[in-house]
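[1] Any chance you could fold what I've pasted below:
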Amino acid sequence: MSQLYDQKMSKSGANRSFIAVNRAFRCECELRTQSRTIRQVDPHFSLEDTCQPTAFVGAYRCRVEQLQPTFPLVAALYHSVWHETQAPFMPAEEVARRNITFFQDRMIRLLQSTLVVDRSGSIAGFSSWRGTLPGQIFVAAPYRGSALATDLMVATEKAMSSEDIAVAELHCVVGNHRARRFYERLGWRHEGEIAETVAGPDGEVKVSFWCMRKSLS
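    Residues are numbered from 1 along each chain as shown. Just a heads-up that it's a prediction; the model follows:
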């Protein structure tokens, strides 16, 4: 059996848990702020790795244990909220292509850089990024309009900054004004448009996205 290891540090009342497990499982890093919990999931973590606090947390605790199966719940939320909030801006062919398997496969590739918000055992939201691009931030309907999305975005920016990312770029689909206003309130700047390729009625088509950037340094 794995040995239990606990290490605690105190600063500004924050708490972060790095739950280390053997290579058959994954590592969840929890950032607690009052009643909120944000977990960072790392499928490649091993018992030989050293848990270190990062710039966006004040304290951390390491313990070894088997984890609850968070991944399918995150993929299910991703599927549900994408179809609710993003599908209206996409061709019907792209919407049909994005079934639950699509989102499960995508989350497998993103797990190493994913933050998950847990509320009373339920997945309330998550964010993911690859390199300088935070490509996903999705919040369950009951928590929209609360501080959860802001907390999650701020935690994501700090996590990316801790990876020495100086400037981040996100792509917000043209027409999603609510999302754009949210990003702008957090200091993201609109710097033009880009086109991304998606499925269309006669093959691939282009969909326009607002390109937004923010300095994380």
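[2] any idea where the helices of the protein begin and end?
    Ranges of helices in the chain, per DSSP state H, are 71-85, 92-97, 100-110, 148-162, 177-185.
[3] With mean neighbour count, distance to residue 192 and mean pLDDT as extra columns, can I get the ones you listed in TSV?
    In short, each C-beta sits where N, CA and C put it, glycine included. Shown next, in TSV, are the helices of the chain (neighbours: other CB atoms under 10 Å; distance: least, CB to CB, whole Å; pLDDT from 0 to 100):
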stretch	mean neighbour count	distance to residue 192	mean pLDDT
helix 71-85	18	23	93
helix 92-97	14	23	98
helix 100-110	15	25	92
helix 148-162	20	21	92
helix 177-185	14	13	97
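[4] Would you mind giving these as TSV with distance to residue 141 added?
    Formatted as TSV, the helices of the chain follow (distance: least, CB to CB, whole Å):
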stretch	distance to residue 141
helix 71-85	7
helix 92-97	19
helix 100-110	17
helix 148-162	11
helix 177-185	13
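[5] for those, which one sits closest to residue 203?
    The stretch from those with the least distance to residue 203 (CB to CB) is helix 92-97; that distance is 9.0 Å.
[6] by contact count, what packs against the closest one?
    Identification of packing neighbours for helix 92-97 by 3 or more CB pairs under 8 Å, 6 or more residues apart in numbering; DSSP states H and E yields strand 189-200.
[7] Quickly run through the sheet partners of the strand it packs on, with directions.
    Strand 189-200 has its sheet partners listed here by DSSP bridges as strand 203-215 (antiparallel).
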